[in-house]
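Chemist: Just the structure for this:
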Amino acid sequence: MRTKNNVTLKEALEAMVKESKLKNGIDEVRVQEQWFKLMGAPIAKYTQQISLRKGKLYVKVESAPLKQELSYSREKIKTLFNRELGEEVIREVVIM
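Modeler: Purely as a prediction, here's the structure:
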């Protein structure tokens, strides 16, 4: 039985992660793990680097045609990842 001031361990850990700098690192790892699943092997094959800083997803690709194609799909990528992660982690996608 919980009283007004008691919280579950899960709630306490979520609050701690949210208030600390750990959240950014955890979100970045979650995005990197989902990249292959959501974007598929052909795109993941040409992806050199994926990083997340202050709500911006930076994706470095080695193929110029793919870079152009992904640039046109930035909003779709943002929506896809935010839906998969269950929260708005990505505010902008930058293709490099």
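Chemist: can you tell me how far the spatially most central residue of the chain sits from Thr8?
Modeler: Centrality entry for the chain: nearest residue to the mean C-alpha point is Val31, 3.3 Å, by Cα atoms, centre = their mean. Distance from Val31 to Thr8, counting by Cβ to Cβ, to the nearest Å: 27 Å. (C-beta placed from N, C-alpha, C; glycine too.)
Chemist: Repeat that for Leu85.
Modeler: 22 Å.
Chemist: Just confirm Asn5 is within a strand.
Modeler: No - Asn5 is assigned coil when assessed by DSSP: H, G, I helix; E, B strand; the rest coil, not a strand.
Chemist: If I look at it, what pLDDT would I see?
Modeler: With respect to pLDDT, Asn5 scores 74.
Chemist: what comes into contact with the top helix by length along the chain?
Modeler: Secondary structure of the chain per DSSP state H: the longest helix is helix 22-39. Residues outside helix 22-39 that contact it (Cβ atoms under 8 Å, 6 or more residues apart in numbering): 16-17, 44, 47, 50-54, 57, 77, 80-81, 84-85, 89-90.
Chemist: Kindly recompute the last result at 6 Å.
Modeler: Val17, Ala44, Ile50, Leu52, Leu80, Glu84, Leu85, Val89 (Cβ atoms under 6 Å, 6 or more residues apart in numbering).
Chemist: How far does it sit from its chain's centre?
Modeler: 4 Å (Cα atoms, centre = their mean, to the nearest Å).
Chemist: on that earlier part again, more crowded one of Leu85 and Thr8?
Modeler: Leu85 (14 against 9; other Cβ atoms under 10 Å).
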